[in-house]
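Visitor: Curious how this folds, go ahead:
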Amino acid sequence: LRVYAYTADDDEVFNDLLRIADQTAVNSLVMDTKAEGGEIVYETAVQEAIDSGAVLPVYDVHERLAQAKEHGLYTIARVVTFQDYYRAHPRPEHANTNSDTGEPWTNWKGLGWMDATDPESWTYPIDLGLEACSFGFDEIQFDYVRFPTDGDLSTTVYDDPNVTTQEGRVNAIAGFLSEARRQINEAGCAVSADIFSIVLSVPNDQGLGQKVEELSWAVDALSPMLYPSH
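Guide: Purely as a prediction, here's the structure:
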């Protein structure tokens, strides 16, 4: 079950989820740590999160982890990876750049994206994953581990010009995931990636940098996302 941050903050609703797990085949909880806008929804010690003003605590991660463990549940920390409102502007050298303005590129929602081709942009999400692992999570799941899909993509500039090719995009995402896996496996946790399910049924990466064949060796698990609206 995916546990939204505000669900984790609600004692009654969270306990309802635990009861569902106790009475069904549910065996895992996926808990938000870094959310869609880049906000960190727990008290973190990662300095870059603190410096960028991204720390907006919603729930006590240690308390919820302890409860999940009491119920014998496998715990997964969800980390939104490259979409990040808080980090793009203070760290423009590691973010996608808008070719028209020279400023950090943003999507239609006004959210910046970190440059997936820049290894310097990988350190922060990996550090957050390592911290979550130290808390006692069993697995770190990277979401938004792809290239952006909404916004004026024609104005997006990356460090590596090879993003215009499928191979360049996939290599960037696989490179990040393999480095994350190396560090986080050493810390004792598994690493997984959320991917768009469409890449399971088409021969190309859909501009995402996600191909099952190339990413499968870079992680311990892949989680294809199914949308009822689709």
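
Visitor: can you give me the helices in the protein?
Guide: Along the chain, counting by DSSP state H, helices occupy 5-8, 11-23, 47-51, 61-70, 85-88, 123-135, 166-187, 212-215.

Visitor: Identify each buried residue in the second one, please.
Guide: For helix 11-23, the buried set under the neighbour-count rule, 16 or more other CB atoms under 10 Å, comprises F14, L17, L18, A21. Quick note: C-beta positions are derived from backbone N, CA and C, even for glycine.

Visitor: Tell me if I'm right that I184 and I126 touch.
Guide: Yes - counting by CB atoms under 8 Å, I126 is a contact partner of I184 at 7.1 Å.

Visitor: For the nearest residue to D127 once chain neighbours are set aside, grab the count of nearby residues.
Guide: Once flanking residues are discounted, D127 sits nearest to V46: 5.1 Å by CB to CB, 6 or more residues apart in numbering. Counted with other CB atoms under 10 Å, the neighbours of V46 add up to 19.

Visitor: residues in contact with V46?
Guide: Residues counted as contacts of V46 (CB atoms under 8 Å, 6 or more residues apart in numbering) are I40, Y124, D127, L128, E131.

Visitor: again, 6 Å this time
Guide: D127, L128, E131 (CB atoms under 6 Å, 6 or more residues apart in numbering).

Visitor: ok, and the most crowded of those residues?
Guide: Most neighbours among the contacts of V46, by other CB under 10 Å: L128, with 25 neighbours.

Visitor: on that earlier part again, let me know the closest of the contacts of V46 to R91.
Guide: Taking CB to CB as the measure, R91 lies nearest D127 of the contacts of V46, at 13.5 Å.

Visitor: Between the helices of the chain, which one is closest to T155.
Guide: In terms of CB to CB, the element of the helices of the chain nearest to T155 is helix 85-88, at 14.3 Å.

Visitor: From S99, how far out is the residue nearest to G38 when sequence neighbours are not counted?
Guide: Closest residue to G38 apart from its sequence neighbours, by CB to CB, 6+ apart: D84 at 3.6 Å. Going from D84 to S99 by CB to CB, to the nearest Å gives 20 Å.
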